[in-house]
Structure formats: structure tokens, C-alpha cells
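Asks: this one's structure only:
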């Protein structure tokens, strides 16, 4: 495998507060990667810099060998970086199907496909998410787990090579967590590189091949989930052992 994403000495400050301090990491193509850390550790700032919703102050971000540091978020999406949000942000006045047709038409295909083809592609994505029977349901009528699945579906509509899953399982039951994990494993099996940001440690342990732990804007650990659980610095800063 080769590195799909390279974060090189990335720093970000807000006023006098340093949210990220020269963070460097590499993520291999096809890797299942876990990003953990206590609240305020810099996880959200890092993924916002990767996805383009924030501009970092120093360092560089390379995707598939190209420096994307100055590219806006929509260009990074078109290059293959997509993310889901911890708090789903659907178009509440639209059906589940329409919520997928919007990114397919205006971000991915940009009007190049016939509407029937776009609808068929959206339905295929909903089928993969287990939401095909909810296609015509208004998004504001979905349950929490269905909203999380639709959020992942909207990310998948961008045809990502790299998916950033931001706390897609927060507040869900054990059975619902298993449902979302099954979807993320299916994405990985299809060749999509996945960054999982989660506080639910048993989900991180099951899914991740490698984990990085942030604390106060710096990497304090990088290794396997088993190694992380035994690491005294991670236990002190995050696990509370």
C-alpha cells in the first residue's frame, strides 16, 4: 500500500490558542484508521483542515501525492475526500432520495447524467445503507440511526476515495452501532479508505487497523488498537485508567 493522505507538520491556532501543533501522519490507501482523543484534543480541527472547511496555518496536506493545502472544500470533495458529520445536516424538506440526488447532480456528475440514471445510482447507495425502503420518506421523519445512515449515504454520493466518519455512532444503542459498523466495513471492503473519529472505544477497537491519539493538539500515540489500550500515556490522557 502507498500513502493516500499525508499530513505534514500541520499547525492551526485560534487567537492565542494552539489547536494543532506540527501534527504529521500518513494514511495508507485502503486503511481503516482510528482517530481518538479527549474533547478539545484537536480531532475536529484536524479533520476540518483535511476536508478544507478550515485553512491550516502551517505545514502541508497531500492527497494522492498532490498538495491540496490551498484547495477549497468543494475541490477536495471532487478529488475524493468526503466526510459525514456528528450532527446530521439533511435537507429536512426533502425526501431521503432527494437528499442523495442533490450531491450526485451538483457535485459529482454536474448535470452530465440523465435524471433516471442519477435516481438509479441514489437508490443503489440507499440499498447499501439499508435505507431503500425509506427513499420517499421525509428526512425529518427518520430515527437517529437512520439519520446517521443517510449522512453516510450522502458522503458516499460523492464517490469518495477517503471517507471521514465523524462520530457516526454517538448516542446509538449497541445493535445500532453494529449496523453502522457493518456499513463502514462494507465501504472498506469496496476499497474506500476510512478515518473513524469515535469516543465509543469498542467500535474503534473492532474497526481500526491503526489508531492515532491526539491530546492538546499533538499526537501522543500511533499504533494498533491493542497497543493503544496498553499505552500509559493514552490511559492517562484519554482512557482514564
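Replies: Perfect, I can see it now. Just so you know, these numbers come straight off a predicted model, no measurement behind them.

Asks: just to be sure, residue 169 is in a helix?
Replies: No: assigned with DSSP: H, G, I helix; E, B strand; the rest coil, residue 169 falls outside any helix and is coil.

Asks: give me the element the residue nearest to it when sequence neighbours are not counted is part of.
Replies: The shortest distance from residue 169 to any non-neighbouring residue, by Cβ to Cβ, 6 or more residues apart in numbering, is to residue 177 (4.7 Å). For every residue, glycine as well, the C-beta is placed using N, CA and C. Here residue 177 sits within helix 174-189, counting by DSSP states H and E.

Asks: next, the contact list for the residue most central in space within the chain, please.
Replies: Centroid check for the chain by Cα atoms, centre = their mean gives residue 164 as the closest residue, at 1.4 Å. Listed by Cβ atoms under 8 Å, 6 or more residues apart in numbering, the contact partners of residue 164 are 47, 50, 51, 81, 82, 83, 84, 195, 197.

Asks: if I pick the first one, what's in contact with it?
Replies: In other words, residue 47. 35, 83, 164, 166, 195, 197 are the contacts of residue 47 under Cβ under 8 Å, 6+ apart.

Asks: right, and the pair among the residues you listed with maximum separation?
Replies: 35 and 83 (11.9 Å; Cβ to Cβ).

Asks: picking up where we left off before, my read is that the residue nearest to residue 169 contacts residue 203, right?
Replies: Yes: in this structure, residue 177 is within contact of residue 203 by Cβ atoms under 8 Å, at 5.7 Å.

Asks: overlap of the contact sets of those two?
Replies: residue 169.

Asks: give me the phi and psi angles of residue 38.
Replies: phi -70, psi 160 (degrees, to the nearest 10).

Asks: can you count the residues close to the closest residue to it other than its chain neighbours?
Replies: Taking Cβ to Cβ, 6+ apart, and ignoring the residues beside it in sequence, residue 38 has residue 238 as its nearest neighbour in space, at 5.2 Å. By the measure other Cβ atoms under 10 Å, the count of residues near residue 238 is 21.

Asks: picking that back up, so of the contacts of residue 47, which ones are in strands?
Replies: 35, 83, 164, 166, 195, 197 (DSSP state E).

Asks: list the helices and strands whichever strand or helix holds residue 5 packs on?
Replies: Counting by DSSP H and E, the element that carries residue 5 is strand 3-14. Contact partners of strand 3-14 among helices and strands, from 3 or more Cβ pairs under 8 Å, 6 or more residues apart in numbering; DSSP states H and E: strand 17-28, helix 43-51, strand 58-63.

Asks: now the angle between strand 17-28 and it, please.
Replies: Calculated by axes from the mean of the first three to the mean of the last three Cα atoms, to 10 degrees, strand 3-14 forms an angle of 180 degrees with strand 17-28.

Asks: give me the contact list for strand 3-14.
Replies: For strand 3-14, contacts defined as Cβ under 8 Å, 6+ apart pick out 18-31, 42, 45-46, 49-50, 54, 56-64, 161-162, 193, 217.

Asks: ok, stretch 215-231 next?
Replies: 12, 18-25, 34, 36-38, 40-42, 45, 204-205, 208-214, 233-234, 237-239.
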